[in-house]
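K.L.:
Got a predicted model here, sequence first, then my questions.
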Amino acid sequence: MFSIPGKQAVSMTPAAIKQISKLMERDGRHGLRIGVKKGGCAGMEYTMDYVDDADPNDEMVEQNGARVMIAPMAQMFLFGTEIDYETSLLESGFKFRNPNVTDACGCGESIKFKDVEELEAERHNQT
């Protein structure tokens with residue numbers, strides 16, 4: 001598991017906590033699993049899925065009753081990310097403020113990360 005002792009992998013804003021808690025309660029789910037997959041014009045995309053049962057390999061983050069699990073392959077890429085939920089006239093949705101992103105497409109749905117070696121070196125220097 002990719003973590004730094006005493007530091008949560010991701011954080012959630014009050015708006016994200018409220019929305020995740022609402023989704024968990026409404027649909028009777030254990031939480032949301034966050035991951036990344038190849039795709040989009042910048043190379044990678046975030047994924048979010050409902051979780052009924054926690055996977056022992058997931059990194060679980062819980063804040064004020066809102067629970068997110070981070071898929072094992074995504075932990076290195078999501079470390080330090082702040083999850084927010086924004087509502088505007090045209091759209092509503094989760095937003096990720098991720099310090100590991102080096103580039104994003106114009107629509108903000110597709111991202112590019114730092115090289116794996118660079119991410120590992122940064123995490124090693126934080127411990």
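P.N.:
Structure's in. What do you need? Bear in mind the structure is a predicted one, so any value in this text is a computation, not a measurement.
K.L.:
where's the residue lying closest to residue 45 once chain neighbours are set aside relative to residue 46, distance?
P.N.:
Spatially, and ignoring its direct neighbours in sequence, residue 45 is nearest to residue 39 (4.5 Å; C-beta to C-beta, 6 or more residues apart in numbering). In short, each C-beta sits where N, CA and C put it, glycine included. Between residue 39 and residue 46 the computed distance is 10 Å (C-beta to C-beta, to the nearest Å).
K.L.:
what about the two, which has more around it?
P.N.:
The neighbour comparison of residue 39 against residue 46 (other C-beta atoms under 10 Å) goes to residue 46, with 22 against 13.
K.L.:
Just list whatever residues bridge to residue 70.
P.N.:
residue 34, residue 59 (DSSP bridges).
K.L.:
State the pLDDT value of it.
P.N.:
For residue 70, the model assigns a pLDDT of 93.
K.L.:
Can you get me a residue count around it?
P.N.:
So residue 70, with other C-beta under 10 Å, has 26 neighbours.
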